[in-house]
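In: Quick one: sequence and predicted model below, then my questions.
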Amino acid sequence: MAELDITFEDMNYDDNTSTKRVMWEILDRAKRQTGFDAASDRIFIQVQERKNDGCLIFVTKLGAQKPEPVYPSYAKSYKKLYTGIKKKRLLYMFESSDNLLDACRQLMLLEYGGKSDIFADSEKYYLYIEDNREYCLDMLSEYGSLINNPFFSFYLDEHAKKIIASDAVQTFAEVFN
């Protein structure tokens, strides 16, 4: 931070052009050193202040922005018929409650508003989450593993306990924050 002439307080302002310049300099260095290309997709940047040694910067690729579907004018009335259909749910497994908590906090920061449930067995935690086709769900694989098995819900019913129902992401993040 000293080398780039910036303070943590400077990083809190969206309209600060020097902060944006510094962030792009950091991301360019990361690309040269590791191959991480932040310019290829949308990104989410989170900065946490450290007491004695600057800050930690977390950069998450959110993926390309998904375009809104274009419906012909006659199809708009049909779209209303299908709004009540049950949405697809995704199931993620987390090795620890800390990983699950970090994922829930990130979802809250990205304003996720779908339904979710949290389960636990003797070793792992599970987040059953509604797929609203939101870009913020892309980052969940940084914290846990997607379980792509439609029969795994039977395992949850038999061997796991539902800890939080309905709005688990928000509840878990608020309770353990």
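Out: That came through fine.

In: Beyond the lowest-mean-pLDDT helix or strand in the chain, next helix or strand please.
Out: The helix or strand of the chain with the poorest confidence is helix 76-81; it has a mean of 44 (mean pLDDT, DSSP states H and E). Next helix or strand after helix 76-81 toward the C-terminus (DSSP states H and E): strand 89-94.

In: tell me which strands and helices that next one is in contact with?
Out: In terms of contacts (3 or more CB pairs under 8 Å, 6 or more residues apart in numbering; DSSP states H and E), strand 89-94 is packed against helix 97-109, strand 125-130, strand 145-146, helix 152-159. (Glycine included, C-beta is placed from N, CA and C.)

In: Looking at those, which one is packed in the most?
Out: strand 125-130 (a mean of 22; mean count of other CB atoms under 10 Å).

In: Give the pairing partners of it; include direction for each.
Out: Applying DSSP bridges, strand 125-130 is found paired with strand 89-94 (antiparallel), strand 116-120 (antiparallel).

In: can you list the domain ranges for the protein.
Out: Following automatic domain parsing, one gets these domains for the chain: 9-63, 87-175.
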